[in-house]
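> sequence isn't available, so here's the structure alone:
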Ligand code: HEM
């Protein structure tokens with residue numbers, strides 16, 4: 001056998017082994033082809049993960065999303081937020097979807113999530129359709145990532161190539177949810193610290209906060225700004241006056257805690273860059289929104305200004321930061337499981 005034949009034969013053997021092992025275990029790859037992301041390496045996430053095991057995965061996700069969002073445009077926002085609240089608590093492992101059961105203290109009960117996160121029925125519907133089409137194949141953590149991307153696109157925002165192959169946790173962390181999801185009255189240094197803890201920087205913080213271009217918040221999350229921002233019974237001085245009076249009518253000093261107001265009142269269901277324009281005008285809804293501009297950090301100020309001026313730039317960075325957030329400590333390879341029902345472990 002000459003040299004050329006030997007090399008060809010060796011390549012055929014490797015290709016065969018790779019294909020066989022990938023079939024036997026979908027997480028298997030030889031680490032070729034620039035897959036990776038933060039997790040990198042052998043069992044890293046990669047966009048073609050379901051290429052042979054469930055090629056129609058994105059079509060199924062998007063078809064359910066289309067119906068759900070047509071029925072209620074806010075659903076896009078709620079699903080985008082679910083992925084964020086999943087990733088910030090023990091990584092993107094669908095821990096946020098687990099209901100209470102023996103050994104599981106559901107994250108749904110945590111302060112940031114209680115009476116707040118939603119969209120579980122839509123995730124259930126996607127999961128049911130996927131279990132029909134490709135049984136026991138697509139993880140709930142990947143469904144959350146796909147639903148977040150699909151929701152962004154269907155609301156008019158950017159698309160991106162999404163690394164897949166996350167597996168689902170067999171645990172949840174109620175304390176993790178209480179401690180790792182930033183509260184709405186955070187100062188800018190606090191926000192930076194929360195994001196740093198997840199391996200995300202200030203660019204990610206500002207771009208991802210742009211997720212607040214869609215959806216709403218409850219009065220209880222911004223009431224402090226209207227009546228007692230600094231413990232002196234005064235409103236937040238950075239609030240635009242007209243906006244402030246409008247908010248007071250939705251959110252009285254006492255009661256009305258569950259009344260809602262859009263995070264971007266100019267285009268609450270459209271994924272665009274008005275969120276950043278509003279911040280420049282003192283019309284950001286949460287303290288955590290406005291401090292990106294008023295928090296005396298030249299970097300975040302410059303980013304808010306740039307995204308307000310250039311929607312394309314915002315879209316490009318949002319997409320990059322979403323991939324980065326989606327890569328937070330995923331379970332891959334033989335870790336975790338693919339749940340049959342997203343609400344409970346197998
Ligand atoms: C920077 C730190 C953040 C803070 C302090 C924060 C806080 C909040 C709060 C308090 C609400 C309203 C919840 C309620 O009233 O029940 C909310 C809603 C929302 N958040 Fe954030 N958030 C942050 C980052 C993010 C990120 C990174 C994303 C996604 C990329 C995101 C997406 C959303 C969306 C889409 C909604 C609206 C949800 C709906 O209408 O159901 N947020 N956020």
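Received it, and whenever you're ready, just let me know what you need. If you're wondering where the values come from, they're calculated on a predicted model, not measured in any experiment. Numbering: from 1, shown residues only.

> and residue 239, how far from residue 289?
11 Å (CB to CB, to the nearest Å). For the C-beta atoms, the positions are set from N, CA and C on the backbone; glycine is no exception.

> what of residue 70?
28 Å.

> ok, these two, which is more surrounded?
Between residue 70 and residue 289, residue 289 has the larger neighbour count (other CB atoms under 10 Å), namely 23 against 10.

> tally up the residues packed near whichever residue of the chain sits closest to the ligand, please.
At 2.4 Å from the ligand, residue 215 is the closest residue in the chain, using CB to the nearest ligand atom. Applying other CB under 10 Å, we find 23 residues neighbouring residue 215.

> the one 5 residues further on too?
Residue 220 is flanked by 15 other residues according to other CB under 10 Å.

> and the next element down the chain from the lowest-mean-pLDDT helix or strand in the chain?
Lowest on mean pLDDT, DSSP states H and E among the helices and strands of the chain sits helix 3-24, with a mean of 38. Moving toward the C-terminus from helix 3-24, the next helix or strand (DSSP states H and E) is helix 57-71.

> now for that next one, which elements pack on it?
helix 74-87, helix 120-133, helix 140-154 (3 or more CB pairs under 8 Å, 6 or more residues apart in numbering; DSSP states H and E).

> now do the buried residues in the helix or strand following the last one.
Right, the one you point to is helix 140-154. Using DSSP H and E, the helix or strand that follows helix 140-154 in sequence is helix 174-180. Residues of helix 174-180 classed as buried: 174, 176, 177, 178, 180 (neighbour count, 16 or more other CB atoms under 10 Å).

> likewise stretch 120-132?
Buried residues in stretch 120-132 (16+ other CB under 10 Å): 120, 122, 123, 124, 126, 127, 129, 130, 131.

> show me what contacts the fifth one?
So the one you mean is residue 126. 60, 61, 64, 65, 143, 147 (CB atoms under 8 Å, 6 or more residues apart in numbering).

> could I get the contacting residues of the fourth one?
Taking CB under 8 Å, 6+ apart as the criterion, residue 65 is in contact with 75, 76, 79, 122, 126, 147, 150, 151, 154.

> got the contact list for the fourth one?
Taking CB under 8 Å, 6+ apart, we find residue 122 in contact with 64, 65, 68, 75, 79, 147.
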